[in-house]
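Participant: Give the three-dimensional model of this entry:
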Amino acid sequence: MLLEKFNKEPGYNPNALIDGLVKQMNLKNDAALARILDVQAPILSKVRNLRAPVTSGLLLRMHEVTRTPVSTLRNMMGVRSR
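Facilitator: All right, here's what the predicted structure looks like:
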């Protein structure tokens, strides 16, 4: 499972990604980020609590909204390309 792979990867921290986007976009909280990304707030909560992975769809949506390169978003959460 993809989630298990990331949980075992050293440095994996989806909270850093979410926190970084909230700060970059000057938002108040995760709920505001969820609205801008057009996803349900519980999805971000599950990602924060390592109960759901950052899916490729969510990562792509973050890229579309912020214009931040996907490679930068992946680096923000500690996932290094191999």
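Participant: Residue 24 is in contact with residue 66, isn't it?
Facilitator: Yes. The pair residue 24 / residue 66 is scored as a contact, 6.6 Å apart, by C-beta atoms under 8 Å. C-beta: built from backbone N, CA, C; applies to glycine.
Participant: okay, these two: which has more neighbours?
Facilitator: residue 66 (16 against 12; other C-beta atoms under 10 Å).
Participant: what sits against the more buried one?
Facilitator: 21, 24-25, 73 (C-beta atoms under 8 Å, 6 or more residues apart in numbering).
Participant: now do 7 Å
Facilitator: Going by C-beta atoms under 7 Å, 6 or more residues apart in numbering, residue 66 touches 21, 24-25.
Participant: Which per-residue confidence value corresponds to it?
Facilitator: Residue 66 is assigned a predicted lDDT (pLDDT) of 95.
Participant: now the one 5 residues further on
Facilitator: Residue 71 is assigned a pLDDT of 93 by the prediction.
Participant: host element of it?
Facilitator: helix 70-76 (DSSP states H and E).
Participant: Name the residues that touch that helix?
Facilitator: 16-17, 20, 59, 62-63, 81.
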